[in-house]
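> Model the structure of this input:
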Amino acid sequence: MGLLIILLVLSAFFSGSETALMSLNRYQLRHKARQGHRGARIAERLLKRPDRLIGLILLGNNLVNFSAASLVAVIALEIGGQPAVALGTLLLTLAVLIFSEAAPKTLAALHPERLAFPAARIYSPLLKIMYPIVWLTNAASNGVLYILGVRGGDSGMQSLTREELRTVVHEAGARISTRYRKMLLSILDLEQVTVDDVMVPHNEIVGIDLENDSENIESIISASQHTRLPVYRDTIDQVVGILHLRRLANLATQDLSADNLLGLLDEPYFVPEGTPLSTQLVQFQRRCERTALVVDEYGDIQGIVTLEDILEEIVGEFTTDPADDEVDVVDEGSDTFLVDATANIRELNRSQDWALPTDGPKTINGLIIEMLETIPSPGTCLKINGYPIEIIETDDNRIRSVRVGQQDSLATTGS
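Numbers count the residues shown, from 1 in each chain. I've put the predicted structure just below:
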């Protein structure tokens, strides 16, 4: 009876340790191993070849289970003959199921590290001793899988996709503060956001026209909230360089004439529209640039993007310029908001916790015009992604303001 109990304990050890080792979080395991945890290092080494580890565990588990079955059969046969053998088999099955399978595997699933690390220290020398038998067993099983068309060596199973990594960050919960969790998610989204989404559009670019007189240029510089301004002739499409306002301190005179400014300009840096922010951030770093002009396929300037714009996509707004305090959304109460139609959709989604589509036009004006395929008249109503929108003010070529209700708070009204 004592030998039978030992066999059941060994069976429980093999079953529980298998579940524990296979339930280990591979990234936590790698972290502990790099910190010098001996059990984690051994477990990580064993799991690099899971076929050998599983072969060893199954060899030991089957050996003790069959030995226990044979022992029960011999004991039962001596005690009560063949009827006792059937009863003994039933009792052994229940004992193995409860004490050697269900209980240890449940415990291992709940506390994998507590069982896996001590077991790894046992399996490491045991694998060296039993290696020839394990190798033959694995060779035979891999041969069967090969015949069935199953191929091993899929290392991609150990990597995480961007969406899976997003899930990991979300599931981190209290381990990562809300602020840092948002920053991590923003970094993961950089590849999906382009310079078009964050640039200052063509018609809003503030720059210096060399055709203006010195007084006008001085007033533009004095009112500027930026340290770098594009300099152009007549229109922004004829940009000649970028002026860093700090260089004005090096002027021998205070004359802001075109000739004096031209000597202070940096070469303009152009980037194609559609460039992902992750790529542009790397390019800014490599070129030691902070400002870029976004151009379309014809070379026409579509807007201007800065390093600050990209960083704000990661950490959120961090400036206190008066220009940043302009109100694009006015809360009217009753779950309705008066919105400037030139407002950027992504910024609205972020500030108001809305879910307007961002895979097309970048502004409310562009989104509505794309949907209606015309410039609507005031009073026109429509619904986008469940948000009821009423056109409040328009002019000849664009929508100026709209009223937006809470998602699905109003009935859909046709345009």
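> Give me the distance between Arg49 and Tyr123.
12 Å (C-beta to C-beta, to the nearest Å). Just so you know, the C-beta spots here come from the backbone N, C-alpha and C atoms, and that holds for glycine as well.
> who has more neighbours, the two?
Shown here are Arg49 and Tyr123; by other C-beta atoms under 10 Å, Tyr123 has more neighbours (24 against 12).
> Let me know the pLDDT of that one.
Note for Tyr123: predicted pLDDT of 92.
> quick one, what contacts it?
The contact partners of Tyr123, taken as C-beta atoms under 8 Å, 6 or more residues apart in numbering, are 17, 46, 53, 56-57.
> cutoff 7 Å now
By C-beta atoms under 7 Å, 6 or more residues apart in numbering, the contact set of Tyr123 is 46, 53, 56.
> again, but for Gly316
Counted by C-beta under 7 Å, 6+ apart, Gly316 has zero contacts.
> can you pull the pLDDT of it?
Per-residue pLDDT puts Gly316 at 76.
> Quick check: which helices or strands does whichever strand or helix holds Ile79 pack against?
For Ile79, the enclosing helix or strand under DSSP states H and E is helix 50-80. Secondary-structure packing of helix 50-80 (3 or more C-beta pairs under 7 Å, 6 or more residues apart in numbering; DSSP states H and E): helix 2-23, helix 82-95, helix 112-147.
> Please repeat the previous calculation with a cut-off of 10 Å.
Using 3 or more C-beta pairs under 10 Å, 6 or more residues apart in numbering; DSSP states H and E, the elements in contact with helix 50-80 are helix 2-23, helix 38-47, helix 82-95, helix 112-147.
> Select from those the stretch with the lowest mean pLDDT.
helix 82-95 (a mean of 85).
> now whichever helix or strand comes after that one, how far from the centre of its chain.
Downstream of helix 82-95, the first helix or strand assigned by DSSP H and E is helix 103-110. Helix 103-110 has its C-alpha centroid displaced from the chain centroid by 32 Å (C-alpha atoms, centre = their mean, to the nearest Å).
> how about helix 103-110: buried residues?
By 16 or more other C-beta atoms under 10 Å, the buried positions in helix 103-110 come out as 104-105, 107-108.
> what about Tyr232, neighbour count?
Number of residues near Tyr232 (other C-beta under 10 Å) recorded here: 20.
> Which strands and helices lie in contact with the helix or strand where it lies?
Assigned by DSSP H and E, Tyr232 belongs to strand 228-233. Helices and strands touching strand 228-233, by 3+ C-beta pairs under 10 Å, 6+ apart, are strand 208-209, helix 214-223, strand 235-244, helix 258-262, strand 265-266, strand 291-295, strand 301-306.
> can we see that at 6 Å?
Strand 228-233 makes packing contacts with strand 235-244 when contacts are defined by 3 or more C-beta pairs under 6 Å, 6 or more residues apart in numbering; DSSP states H and E.
> angle of the strand it packs on against strand 228-233?
If you take axes from the mean of the first three to the mean of the last three C-alpha atoms, to 10 degrees, strand 235-244 sits at 140 degrees to strand 228-233.
> how about strand 235-244 as PDB, C-alpha atoms only?
What follows is strand 235-244, C-alpha atoms only, in PDB (Å, rounded to 0.1, in the frame of the first residue of the first chain):
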ATOM      1  CA  THR A 235       2.300  82.300 -50.900                       C
ATOM      2  CA  ILE A 236       3.200  79.500 -48.600                       C
ATOM      3  CA  ASP A 237       3.700  77.200 -51.700                       C
ATOM      4  CA  GLN A 238       6.800  79.300 -52.400                       C
ATOM      5  CA  VAL A 239       8.600  78.600 -49.100                       C
ATOM      6  CA  VAL A 240      12.200  79.500 -49.100                       C
ATOM      7  CA  GLY A 241      13.300  78.400 -45.600                       C
ATOM      8  CA  ILE A 242      12.500  78.100 -41.900                       C
ATOM      9  CA  LEU A 243      13.400  80.900 -39.500                       C
ATOM     10  CA  HIS A 244      14.300  80.100 -35.900                       C
END
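> What is it packed up against?
So strand 235-244, by 3+ C-beta pairs under 6 Å, 6+ apart, packs with strand 228-233, strand 265-266.
> Work out the sheet partners of it and label each with its direction, please.
The pairing partners recorded for strand 235-244 under DSSP bridges are strand 228-233 (antiparallel), strand 265-266 (antiparallel).
> ranking those by burial, who's on top?
Most buried of the strands paired with strand 235-244, by mean neighbour count (mean count of other C-beta atoms under 10 Å): strand 228-233, with a mean of 19.
> Can you tell me what sits against that strand?
By C-beta atoms under 6 Å, 6 or more residues apart in numbering, the surrounding residues in contact with strand 228-233 are 207-208, 210, 238-244, 265, 291.
> 10 Å instead?
205-211, 217, 220-221, 236, 238-246, 258, 261-262, 264-266, 268, 289-291, 293, 301, 304, 306-308 (C-beta atoms under 10 Å, 6 or more residues apart in numbering).
> Only whichever of the residues you listed are buried, select them in PyMOL.
Buried residues within the contacts of strand 228-233, by 16+ other C-beta under 10 Å, are selected in PyMOL with:
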select buried, resi 205+207+208+209+210+217+220+236+239+240+241+242+243+258+261+264+265+268+289+290+291+293+301+304+306+307+308
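> In contact with Glu211, which residues?
217, 232-235, 258.
> swap the cut-off to 7 Å and go again
Neighbour list for Glu211: 233-234 [criterion: C-beta under 7 Å, 6+ apart].
> Check the secondary structure at it for me.
coil (DSSP: H, G, I helix; E, B strand; the rest coil).
> per-residue confidence for it?
On pLDDT, Glu211 comes in at 89.
> Let me see the backbone angles for it.
The phi and psi torsions at Glu211 (degrees, to the nearest 10) take the values phi -80, psi -10.
> Thanks a lot, see you next time.
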